[in-house]
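Chemist: Structure here, sequence nowhere to be found:
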């Protein structure tokens, strides 16, 4: 069994807090040589900007080297090579594998067949644990605590893997959730069951309006075209919620707006200058959190 | 040998499909199992799935498969009698997936020496499909693995890979 990170549920509360502590150290001093001599493979079978670049930057700033591909079309997967064979082959060259794959469960399977640690950088609509950890780091940084917060999640709560993972991770910290989504993209029943089992209060609504005035965190998400099997359904819901600057007038002073990015039109550009907009700093936090994750799995 | 019993719609009479005395004698002869396993109280609509799980199509010892017998508890039920075979734990786990209330009797020298309830193990391996169309197990040669989650009388299965939870009535067994 190697030291892989596949799902946020692989980490205990203590391990999560330890990663966040470590990320704080990396933020203070991101340039080190702790991965000197290490090779990390980044296998992106699905497009990515932030996740891939921040993982690669994290490795380079720690003195490691990168191999890999950013497009499955340029790998042997396009010739029909199985994931099993690709992982076995890559693990001959690299000390760790960072992988994004469109199929759900691909990362768990890779971690089973790989002799080196696998870090899941997103497997379909399932898990994206490094995003969850950077979301937690951003919440901790802006609120000073993770405990007892009101978190409002908006948009694609059905297919949004970051939403599902964040609910699981926040379950350690007694949150209250408000889920705002159109009927087609409501939070799946299994996450309602999860909240009930863990005594987490939640409410649901279809209306954005001023439904987040008592929130500490407003977590916006994009309606992801690539997750829809029915494109007609995508067309119906893609422009349902757009956050405008004036909608923030009566919100709490400590409110911060997070978004896993990329955004399309769910946050109006005029929100960017509002001090409550935190999504670009959130993306920057991803670097420090990923340095912490790489250090945990490799050192 | 397959015996199928049914109610005749117009008269309500019960009879063996072939109906003759000779056939009745044969049924009784087969019913007296010397050594082997009887699986009783199988829901009638699940009987042939159990046959498939146990790969009885290829079994070359005496075998009785009966269906649509009257049952006070179930309305109608199926029963399977297998000579000279005792089920392995993984086989009973598979049957428990689709017929959790079936009963297993172990027969030795014509006597029931053990009555066994079906118990699901903690994990079910490579017996059923994942219902998630974008699960890795539906696209690559990856054996399926499910965790069994028991909550009261309800059983859910959680895919080890895509983490999708599957209710018992969604189970789709693999064809072997």
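Modeler: In hand now; what should we look at? From a predicted model like this one, the values you see are computed outputs, not experimental measurements.
Chemist: all contacts plus neighbour counts: C-alpha atoms, from now on.
Modeler: OK.
Chemist: Which residue ranges of the chain form helices?
Modeler: Just so you know, I chose chain A. Listed from the start of the chain, chain A has helices (DSSP state H) covering A:13-28, A:50-61, A:83-91, A:106-113, A:129-143, A:161-170, A:189-197, A:231-237, A:279-298.
Chemist: my bad, chain B
Modeler: Counting by DSSP H, the segments of chain B that form helices are B:21-31, B:47-53, B:89-98.
Chemist: And those, which one averages the lowest pLDDT?
Modeler: Least confidently modelled of these is helix B:21-31, at a mean of 52 by mean pLDDT.
Chemist: Name the residue of the stretch 151-299 of chain A that lies nearest to chain B.
Modeler: Proximity to chain B, evaluated over the stretch 151-299 of chain A using Cα to the nearest Cα, is greatest for residue A:190 at 7.7 Å.
Chemist: residue contacts, that residue?
Modeler: residue B:165 (Cα atoms under 8 Å, 6 or more residues apart in numbering or on different chains).
Chemist: ranking the helices of chain A by mean pLDDT, which is last?
Modeler: Mean pLDDT values for the helices of chain A show the minimum at helix A:231-237, a mean of 83.
Chemist: Quick one: name the residues of chain B near chain A.
Modeler: Along chain B, the residues adjacent to chain A under the rule Cα under 8 Å from any Cα of the partner chain are B:134-137, B:140-142, B:160-163, B:165.
Chemist: which of the residues you listed tops the neighbour count?
Modeler: When neighbours are counted as other Cα atoms under 10 Å in any protein chain shown, the busiest of those turns out to be residue B:136, with 27 neighbours.
Chemist: Assess the claim that it and residue A:104 are in contact.
Modeler: Yes - judged on Cα atoms under 8 Å, residue B:136 makes contact with residue A:104 at a distance of 5.7 Å.
Chemist: Need the overlap of contacts for the two.
Modeler: Once Cα under 8 Å, 6+ apart is applied, the residues that residue B:136 and residue A:104 both contact turn out to be B:161-162.
Chemist: how close does the residue nearest the centre of chain A get to residue A:216?
Modeler: For chain A, the residue sitting closest to the mean C-alpha position, by Cα atoms, centre = their mean, is residue A:131 at 2.3 Å. Between residue A:131 and residue A:216 the computed distance is 19 Å (Cα to Cα, to the nearest Å).
Chemist: Next: residue A:240.
Modeler: The span separating residue A:240 from residue A:216 equals 23 Å under the rule Cα to Cα.
Chemist: the more surrounded of those two?
Modeler: residue A:216 (22 against 17).
Chemist: For the more buried one, give its distance to residue A:64.
Modeler: Separation of residue A:216 from residue A:64 (Cα to Cα) stands at 38 Å.
Chemist: repeat for residue B:63
Modeler: The span separating residue B:63 from residue A:64 equals 65 Å under the rule Cα to Cα.
Chemist: for residue B:129, same thing?
Modeler: The value you get for residue B:129 to residue A:64, if Cα to Cα is used, is 41 Å.
Chemist: just residue A:247 next, same as before
Modeler: Here the distance between residue A:247 and residue A:64 works out to 45 Å (Cα to Cα).
Chemist: Those two: who's more crowded?
Modeler: For residue A:247 against residue A:64, the residue with the higher neighbour count under other Cα under 10 Å is residue A:64, and the figures read 19 against 16.
Chemist: ok now do that one, which residues does it touch?
Modeler: A:33-40.
Chemist: measure the closest residue to chain B within the stretch 101-250 of chain A to residue A:198 for me?
Modeler: Relative to chain B, the nearest point of the stretch 101-250 of chain A is residue A:105 (3.9 Å; Cα to the nearest Cα). For residue A:105, the distance to residue A:198 (Cα to Cα) stands at 24 Å.
Chemist: The two - which one has more neighbours?
Modeler: Of the pair residue A:105 and residue A:198, residue A:105 is the one with more neighbours under other Cα under 10 Å, namely 28 against 13.
Chemist: what residues are up against residue A:43?
Modeler: Residue A:43 sits in contact with A:68-70, A:97-100, where contact means Cα under 8 Å, 6+ apart.
Chemist: Quick one: closest of the helices of chain A to residue A:152.
Modeler: Across the helices of chain A, the minimum distance to residue A:152, taken as Cα to Cα, is reached by helix A:161-170, at 10.5 Å.
Chemist: Point out where chain B drops to low pLDDT.
Modeler: B:1-31, B:176 (pLDDT under 70).
Chemist: So what's the residue count around the nearest residue to residue A:128 once chain neighbours are set aside?
Modeler: In space, residue A:128 comes closest to residue A:122 once its chain neighbours are excluded; the distance is 4.4 Å by Cα to Cα, 6 or more residues apart in numbering or on different chains. One way to gauge burial is a neighbour count; for residue A:122, by other Cα under 10 Å, it gives 30.
Chemist: Excluding chain neighbours, give the residue nearest to the residue nearest the centre of chain B in space.
Modeler: Compute the mean C-alpha point of chain B, and by Cα atoms, centre = their mean the closest residue is residue B:50, 3.1 Å away. Distances taken as Cα to Cα, 6+ apart place residue B:95 nearest to residue B:50, at 6.2 Å, with adjacent residues excluded.
Chemist: ditto for residue A:207
Modeler: Leaving aside its sequence neighbours, residue A:207 is closest to residue A:180 (6.5 Å, by Cα to Cα, 6+ apart).
Chemist: what's near enough to touch that neighbour?
Modeler: So residue A:180 contacts A:152-155, A:157, A:186, A:204-208 (Cα under 8 Å, 6+ apart).
Chemist: before we move on, back to that, spatially, which two of the contacts of residue A:43 are the most separated?
Modeler: Across those (Cα to Cα), the longest gap, 13.1 Å, separates A:70 and A:97.
Chemist: joint contacts of those two?
Modeler: Taking Cα under 8 Å, 6+ apart as the contact rule, residue A:70 and residue A:97 both touch A:42-43.
Chemist: List the residues that contact residue 126.
Modeler: You didn't say which chain, so I picked chain A. A:104-105, A:161, B:162-163.
Chemist: wait, I meant chain B there
Modeler: With Cα under 8 Å, 6+ apart as the criterion, the residues that contact residue B:126 are B:143-145, B:174.
Chemist: Relative to residue B:100, which of the residues you listed is nearest.
Modeler: Ranking the contacts of residue B:126 by separation from residue B:100, with Cα to Cα as the measure, puts residue B:174 on top at 17.9 Å.
Chemist: Hmm, the closest one is touching residue B:130, no?
Modeler: No - taking Cα under 8 Å as the definition, residue B:174 is not a contact partner of residue B:130, at 9.8 Å.
Chemist: Would you mind telling me which of the two has more residues around it?
Modeler: residue B:130 (30 against 13).
Chemist: residues contacting the more buried one?
Modeler: With the criterion set at Cα under 8 Å, 6+ apart, residue B:130 makes contact with B:137-138, B:144, B:159, B:166, B:172.
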